[in-house]
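Visitor: starting from these lines, generate the structure:
(one chain, ligands or ions: 1)
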Amino acid sequence: MSDFDIVGPEAIRDGVATDAYFERTEATLRHAGKNPRVVAEVTADQFPDGDFELFAGVKDAAELLAGRDIDVDAMPEGTLFDGGPVMRIEGDYLEFARLETSLLGFLSHASGCATAALEARSAAPDSTVLSFGARHVHPAIAAMVERSALVAGLDGFSHVAAGEILGKEASGTMPHALLIAFGRGNQAEAFRAFDEAVDEDVPRVALCDTYGDETEEVLQAVEALGDDLDSVRLDTTSSRRGDFRHIVREVRWELDARGHEDVGIFVSGGLGPAELRHLRDVVEGFGVGGHISNADPVDFALDIVEVNGEPAAKRGKLSGVKEVYRTADGGHHVGLRGRPGPTDGESLLEPLIRDGEVVSEFDFDIDAAATRASEDAESVGFGGVSEE
Ligand SMILES: O=P(O)(O)OC[C@H]1O[C@H](OP(=O)(O)OP(=O)(O)O)[C@H](O)[C@@H]1O
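Guide: Got it, this is the predicted structure:
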């Protein structure tokens, strides 16, 4: 028995992590001696409507689908999509029927978090933006949240175990608990002890809102750490926030007045794209949590679109195997496979699995995905990237 209520990797890989009706579907098809050759597509919206989302979760999807006698095409991680398929599976239906539940879960949740992270990224393109939201979600999915944030181009994340999985180091300095453990009035002592205790390569970022006025605690940090102080973080609780922008500008003023123009200001706590736009010109960086980790999953569905070579679909969905294209002007186009696409269209679906093997050229590199997302966001004008 598992110690935690967590569905483990084996259950996911074996297809036990499925909805019961797929088990009944398998039983019925086997009973009837049917196992049609199908093409199925993963799609959110049927037609483009100008509302782009960021595709993520494809590495785990590949891990799930590998080893089955199927061919799969997918958009690379970090591609922006707007209508039409993001993934296509071709094979005998019973090869993958029971994987639908986990497949959609992987893609939907990661793409939801990645899209929200891209909203944050686009809202403050020149600021440092860190993912702080693992605390809001089940720990088993922390690496998914942090990977999605990095795919969207965030500069870092807080979760240590996620970092070990992703091969990247988590960042972070101090919580309020550290200041409280030292006791009211002992903030300077806490800052000094932190400076003495942690590795030199950890930036000295003092959290300055625990007991007193932000400017007062910032000046205590300056006095305690002197030139070692890299930045201050203001996480002013919402009930005391008032005009946060004014507080930040006042802190900046007092730092500058004492010759500490090089000390950066970071802010965190309940921030989303609107707050990032509002504050981006007066701070160096942001910690963004719930906006990313609590994002709604993308509403992906897996639909059969061809049975034994013939177009098929339930009503409301589009039958036939499709291609999706990005045009030079940032347009997103959906058309039938084998028909001419836009003359300047670049096909977005790439081979992911052939005869059950993951195609070696398919790219799961996080940094490459982030570059792709950045370029694609620019191309399609996601979230008004350069909006003032
Ligand atoms: O609000 P979100 O965008 O989801 O950000 C996540 C958290 O990051 C900050 O925690 P901090 O470490 O400063 O708080 P604590 O020390 O009080 O736990 C902030 O207070 C949020 O609770």
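
Visitor: show me the contact partners of the helix or strand bottoming out on mean pLDDT in the chain.
Guide: Within the chain, no helix or strand scores below strand 346-347, which has a mean of 94 by mean pLDDT, DSSP states H and E. With contact meaning CB atoms under 8 Å, 6 or more residues apart in numbering, strand 346-347 is reached by 323, 324, 325, 326, 327, 341. (Glycine included, C-beta is placed from N, CA and C.)

Visitor: and the two most separated of these?
Guide: Checked with CB to CB, those reach their widest spread between 323 and 327, with 12.7 Å between them.

Visitor: neighbour count: those two, which is higher?
Guide: When neighbours are counted by other CB atoms under 10 Å, residue 323 and residue 327 differ, and residue 323 comes out ahead with 20 against 15.

Visitor: can you verify the more buried one is assigned to a strand?
Guide: Yes. Under DSSP: H, G, I helix; E, B strand; the rest coil, residue 323 sits within a strand.

Visitor: against residue 312, how distant is it?
Guide: Residue 323 is 18 Å from residue 312, where distance means CB to CB, to the nearest Å.

Visitor: what of residue 347?
Guide: Separation of residue 347 from residue 312 (CB to CB) stands at 23 Å.

Visitor: more neighbours: the two, which one.
Guide: Neighbours per residue, other CB under 10 Å: of residue 347 and residue 312, the larger number sits with residue 312, 17 against 13.

Visitor: isn't that one up against residue 304?
Guide: Yes. Residue 312 lies in contact with residue 304 (CB atoms under 8 Å); the separation is 6.0 Å.

Visitor: quick one on the thing from earlier: buried ones in the helix or strand following the least confident helix or strand of the chain?
Guide: Remark: after strand 346-347, the chain's next helix or strand is strand 350-354, criterion DSSP states H and E. Buried residues in strand 350-354, counted by 16 or more other CB atoms under 10 Å: 352, 353.

Visitor: list the contacts of strand 350-354.
Guide: By CB under 8 Å, 6+ apart, strand 350-354 touches 58, 62, 65-66, 68, 70-76, 87, 358-359, 361-362.

Visitor: for burial, what's the neighbour tally of the residue of the stretch 51-200 of the chain found nearest the ligand?
Guide: Closest contact between the stretch 51-200 of the chain and the ligand, by CB to the nearest ligand atom, is at residue 175 (3.2 Å). Other residues lying near residue 175 total 12 when counted by other CB under 10 Å.

Visitor: what is the burial count for the residue nearest to it when sequence neighbours are not counted?
Guide: Once flanking residues are discounted, residue 175 sits nearest to residue 207: 7.2 Å by CB to CB, 6 or more residues apart in numbering. When neighbours are counted by other CB under 10 Å, residue 207 registers 24.

Visitor: surely residue 207 meets residue 180?
Guide: No. Using CB under 8 Å, residue 207 is not in contact with residue 180; the gap is 10.7 Å.

Visitor: what sits closest to the residue in the chain positioned nearest to the ligand if chain neighbours are left out?
Guide: As assessed by CB to the nearest ligand atom, the ligand sits closest to residue 289 within the chain, at 2.4 Å. Nearest residue to residue 289, sequence neighbours excluded (CB to CB, 6+ apart): residue 133, at 3.4 Å.

Visitor: OK, contacts around residue 72?
Guide: Shown in contact with residue 72 (CB under 8 Å, 6+ apart): 62, 65, 87, 88, 89, 90, 351, 352, 353.

Visitor: dump these to JSON lines, plus distance to residue 190.
Guide: Formatted as JSON lines, the contacts of residue 72 follow (distance: CB to CB, whole Å):
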{"residue": "62", "distance to residue 190": "46"}
{"residue": "65", "distance to residue 190": "50"}
{"residue": "87", "distance to residue 190": "50"}
{"residue": "88", "distance to residue 190": "55"}
{"residue": "89", "distance to residue 190": "55"}
{"residue": "90", "distance to residue 190": "60"}
{"residue": "351", "distance to residue 190": "55"}
{"residue": "352", "distance to residue 190": "50"}
{"residue": "353", "distance to residue 190": "52"}
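
Visitor: export the residues you listed to JSON lines and tack on pLDDT?
Guide: As requested, the contacts of residue 72 are arranged in JSON lines below (pLDDT from 0 to 100):
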{"residue": "62", "pLDDT": "98"}
{"residue": "65", "pLDDT": "98"}
{"residue": "87", "pLDDT": "98"}
{"residue": "88", "pLDDT": "98"}
{"residue": "89", "pLDDT": "98"}
{"residue": "90", "pLDDT": "98"}
{"residue": "351", "pLDDT": "97"}
{"residue": "352", "pLDDT": "98"}
{"residue": "353", "pLDDT": "98"}
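
Visitor: which of the residues you listed sit farthest apart?
Guide: 62 and 90 (15.1 Å).

Visitor: pull up the residues of the stretch 251-388 of the chain that are close to the ligand.
Guide: 268, 269, 270, 271, 287, 288, 289, 290 (CB under 6 Å from any ligand atom).

Visitor: would the fifth one count as being in a strand?
Guide: Yes. Counting by three-state DSSP, residue 287 is located in a strand.

Visitor: which one is it nearest to, not counting chain neighbours?
Guide: residue 268 (3.3 Å).

Visitor: for the one you found, give me its contacts.
Guide: By CB under 8 Å, 6+ apart, the neighbours of residue 268 are 132, 233, 234, 235, 286, 287, 288, 289.

Visitor: what sits opposite the third one in the beta ladder?
Guide: In this structure, residue 234 bridges to residue 267 when assessed by DSSP bridges.

Visitor: was I right about it contacting residue 264?
Guide: No. With contact defined as CB under 8 Å, residue 234 does not reach residue 264; the gap is 11.3 Å.

Visitor: quick check: domain ranges of this structure?
Guide: As assigned by the TED database, the chain contains the domains 9-113+296-380, 124-294.
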